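# curious how this folds, go ahead:
(one chain, ligands or ions: 1)
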Amino acid sequence: MTRLYNWGRTLCAHGPVLRPATPAEAANALQRHRHVTPRGAGRSFGDAAIPNRGGTMLTERLTDAQPMEFDASSGILRANAALPQHAILSNTCPEGWLLPAIPGSRYITLGGMIAADAHGKNHSQTGSIGKYTRSLRVLVADGDLVDCSPEQHPDLFWATIGGLGLTGLVVDVELQLEPLPAGRVVSELVGFGSTDELIEVVEARHRATDFVLGWADGRFSPGRPFAGAVAFGHWRPDLAPPGPLPPFRSLRLPFSNPLPGAGWMAATLLNAVLRRKFRDGRHETADVESFFFPQDRIRNWNIAFGRRGFLEVQCCFPLEHAAAALRDIHGFLCETRTLCSLVALKRFGPGLPDAPLSFPFEGYSIALDMPVRGRIPEALNELDEIIVQHGGRVNPVKDSRLPAERFEQMYPDLERWREVKRGWDPNNVWQSALSRRLHLTE
Ligand SMILES: Cc1cc2nc3c(=O)[nH]c(=O)nc-3n(C[C@H](O)[C@H](O)[C@H](O)COP(=O)(O)OP(=O)(O)OC[C@H]3O[C@@H](n4cnc5c(N)ncnc54)[C@H](O)[C@@H]3O)c2cc1C
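Residues are numbered from 1 along each chain as shown. Next up, the predicted model:
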């Protein structure tokens with residue numbers, strides 16, 4: 001029995017942990033456990049990698065099986081899904097190739113990225129990881145290894161992209177990488193003082209930019225404006241050509257903050273640091289990993305929030321609703337005097353309509369990290385209502401509290417996904433605390 005936490009540290013599960021070293025061992029383990037949850041690096045904020053009942057299949061030892069094959073002339077990568085992003089980037093960047101969608105932690109595994117259809121700060125230009133996935137090898141519920149792609153078993157392929165680990169264990173992934181243009185990114189920061197101004201600034205510039213990431217001050221109270229800055233990032237080959245990645249240095253917090261106000265302290269400190277970083281008119285130059293993974297400088301920053309942990313709600317809205325939705329969310333946050341440790345804003349491009357559970361679609365995304373304090377979890381029901389009213393949806397891989405009926409309203413293709421799940425996994429072998437909460441498995 002091992003204790004397993006979610007990244008937000010609001011949940012803790014005890015249960016058997018399976019550590020197969022080969023796909024054959026993983027298939028054998030399926031015969032001994034009626035219900036299994038795949039788990040990569042455990043960096044999902046909510047309950048996606050928390051078991052319901054039954055075992056948790058950790059993928060870490062699967063990297064011993066064939067790690068990766070990479071063709072540097074075409075940029076086609078076939079990689080073990082248990083590999084973390086940094087292991088892939090350290091091999092492909094020196095050859096001039098980059099993962100096309102990079103979520104913000106270098107420790108996240110390829111399998112976790114597929115299960116979340118992960119996006120990066122460049123979604124408006126490139127889209128999510130599913131768009132670049134050529135094929136997957138999936139260990140399905142009956143113990144078979146199935147190769148799937150948009151041509152072969154397309155139902156399984158598209159249900160697995162963004163499928164939250166519920167169609168099977170992704171063992172191998174074949175991806176088309178993108179050329180790496182440079183070894184440095186320069187970000188130019190442009191301030192905003194309201195939700196309308198944010199949208200104005202982003203719409204005026206995002207097409208001519210490689211990356212867009214906005215930040216807003218997370219100390220909300222009545223009358224306080226929605227203020228912050230947008231970082232527009234550009235590759236700069238003139239500063240450094242593509243090449244090997246410099247060493248990435250990080251710290252580890254020695255223990256979780258034991259004080260009762262740990263969440264408040266962490267959020268106040270983070271807002272102070274980010275206010276300095278996101279200043280109008282500032283320019284910042286960073287190498288590849290420093291640009292993509294600033295949070296990893298403190299490898300286990302999640303324990304700074306203390307015993308009660310933190311929640312993240314990330315939601316996105318269609319373009320035509322974005323201004324009104326952000327205004328209403330700002331109103332809600334001020335009224336409830338919510339303290340966010342991080343408010344991150346992104347501009348999304350077109351989504352992947354073939355993948356029924358893929359989260360991103362064209363419009364705006366806002367992610368709110370909130371230390372658990374007072375009645376925050378209950379107050380968020382009101383936020384769900386605002387999201388639905390504006391045609392938005394919540395990112396399930398970051399969530400642990402959305403009710404099933406709200407999820408149904410947000411993902412209109414859910415029934416199509418359920419049909420595929422029933423076909424490949426009629427006994428719900430693959431399940432999780434999330435799948436129980438959202439009624440994706442019985
Ligand atoms: C600091 C930080 C920044 C982040 N930034 C972004 C971002 O910018 N964009 C974004 O999209 N996401 C982002 N995320 C979220 C992250 O991409 C997802 O939660 C991702 O799923 C985590 O991968 P993991 O390896 O930690 O998987 P886990 O947390 O272990 O699992 C997550 C889900 O993947 C499933 N899973 C894991 N491995 C496999 C496998 N081999 N086969 C099948 N299913 C599997 C699990 O069952 C679970 O449903 C961020 C997370 C953190 C901590």
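# quick one: neighbours of the one residue in the stretch 151-300 of the chain that gets nearest to the ligand, just the number.
Nearest residue of the stretch 151-300 of the chain to the ligand, counting by Cβ to the nearest ligand atom: residue 165, 2.4 Å away. All C-beta atoms are positioned from the backbone trio N, CA, C, and that covers glycine. Other residues near residue 165 come to 29 when the count uses other Cβ atoms under 10 Å.
# and the pLDDT at the nearest residue to it once chain neighbours are set aside?
Nearest residue to residue 165 in three dimensions, chain neighbours excluded: residue 38, at 4.0 Å (Cβ to Cβ, 6 or more residues apart in numbering). In this model, residue 38 is scored at 98, pLDDT.
# any idea which element the residue of the stretch 151-300 of the chain closest to the ligand lies in?
Assigned by DSSP states H and E, residue 165 falls within no helix or strand.
# these two touch, right, it and residue 51?
No. Under the criterion of Cβ atoms under 8 Å, residue 165 makes no contact with residue 51, lying 10.9 Å away.
# and for these two, which residues touch both?
Residues touching both residue 165 and residue 51 by Cβ atoms under 8 Å, 6 or more residues apart in numbering: 37, 432.
# quick one: the helices in the stretch 301-442 of the chain?
319-335, 376-389, 404-410, 414-424, 433-437 (DSSP state H, counting those that start in this stretch).
# just how off-centre is the last one within its chain?
Helix 433-437 has its C-alpha centroid displaced from the chain centroid by 18 Å (Cα atoms, centre = their mean, to the nearest Å).
# then the second one?
Relative to the mean C-alpha coordinate of its chain, helix 376-389 is positioned 20 Å out (Cα atoms, centre = their mean).
# quick check: buried residues in stretch 84-98?
For stretch 84-98, the neighbour count (16 or more other Cβ atoms under 10 Å) marks 84, 85, 86, 87, 88, 89, 91, 92, 93, 95, 97, 98 as buried.
# ok, now which ones touch the first one?
Contact partners of residue 84, counting by Cβ under 8 Å, 6+ apart, are 41, 106, 107, 108, 109, 110.
# list phi and psi for it.
Main-chain dihedrals, residue 84, degrees, to the nearest 10: phi -80, psi 160.
# beta-bridge partners for it, please?
With DSSP bridges applied, residue 84 shows beta-bridge pairing to residue 109.
# what's next to stretch 376-391, contact-wise?
311, 313, 315, 317-318, 321, 324-325, 328-329, 332, 336, 338, 370, 393-394, 401-403, 406, 409-410.
# in what helix or strand does the residue nearest to residue 165 lie?
Going by DSSP H and E, residue 38 is part of strand 36-39.
# and that strand, what does it pack against?
With contacts taken as 3 or more Cβ pairs under 8 Å, 6 or more residues apart in numbering; DSSP states H and E, strand 36-39 sits against strand 55-58.
# give the pairing partners of the strand it packs on; include direction for each.
Strand pairing (DSSP bridges) places strand 55-58 next to strand 17-18 (parallel), strand 36-39 (parallel).
# can you give the distance from the shortest one to the centre of its chain?
Mean-position distance between strand 17-18 and its chain equals 24 Å (Cα atoms, centre = their mean).
# ditto for the longest one
Its chain's C-alpha centre and that of strand 36-39 lie 17 Å apart, by Cα atoms, centre = their mean.
# quick one, phi psi at the residue nearest to the spatial centre of the chain?
Per Cα atoms, centre = their mean, the C-alpha nearest to the average position across the chain is that of residue 118, at 5.3 Å. Phi and psi for residue 118, reported as degrees, to the nearest 10, are phi -60, psi 150.
# ok, the one 5 residues further on next?
Taking degrees, to the nearest 10, you get phi -60, psi -40 for the backbone angles of residue 123.
# returning to that earlier point: when you scan the strand holding residue 38, is anything in it near the ligand?
Yes. Using Cβ under 6 Å from any ligand atom, strand 36-39 reaches the ligand at 37, 38, 39.
# just stretch 387-405 next, same as before
Yes. Contact of stretch 387-405 with the ligand (Cβ under 6 Å from any ligand atom) involves residue 397.
# from the middle of its chain, how far away would that stretch be?
That offset, for stretch 387-405, works out to 14 Å (Cα atoms, centre = their mean).
# and that stretch, end to end?
Start-to-end span of stretch 387-405 (Cα to Cα, to the nearest Å) is 13 Å.
# can you list the buried residues in that stretch?
387-388, 390-402.
# what does the stretch 201-350 of the chain put close to the ligand?
Near the ligand, when you scan the stretch 201-350 of the chain using Cβ under 6 Å from any ligand atom, you find residue 295.
# for the residue nearest to the centre of the chain, what are its contacts?
101, 102, 103, 108, 112, 128, 129.
# what's the pLDDT at it?
The predicted local confidence for residue 118 is 98.
# what's the closest non-adjacent residue to it?
Using Cβ to Cβ, 6+ apart, the nearest residue to residue 118 is residue 103, at 4.2 Å.
# thought that neighbour was touching residue 122?
No. The pair residue 103 / residue 122 is not scored as a contact, 11.3 Å apart, by Cβ under 8 Å.
# and the strands in the stretch 251-400 of the chain?
Along the stretch 251-400 of the chain, the segments classed as strands by DSSP state E, counting those that start in this stretch run 283-287, 310-318, 342-348, 363-371, 393-394.
# picking that back up, how close does the residue nearest to the centre of the chain sit to residue 232?
21 Å (Cβ to Cβ, to the nearest Å).
# follow-up on the earlier one: which element is the residue nearest to residue 118 on?
Going by DSSP H and E, residue 103 is not part of any helix or strand.
# what sits against it?
85, 113, 116, 118, 119, 120.
# and the two most separated of those residues?
Across those, no pair lies farther apart than 85 and 119, at 13.4 Å, counting by Cβ to Cβ.
# mind listing the strands in the stretch 1-150 of the chain by residue range?
Going by DSSP E, counting those that start in this stretch, the stretch 1-150 of the chain shows strands at 2-5, 12-15, 17-18, 36-39, 55-58, 68-71, 76-80, 97-98, 133-139, 145-148.
# just how off-centre is the last one within its chain?
In terms of Cα atoms, centre = their mean, the gap separating the centre of strand 145-148 from the centre of its chain is 25 Å.
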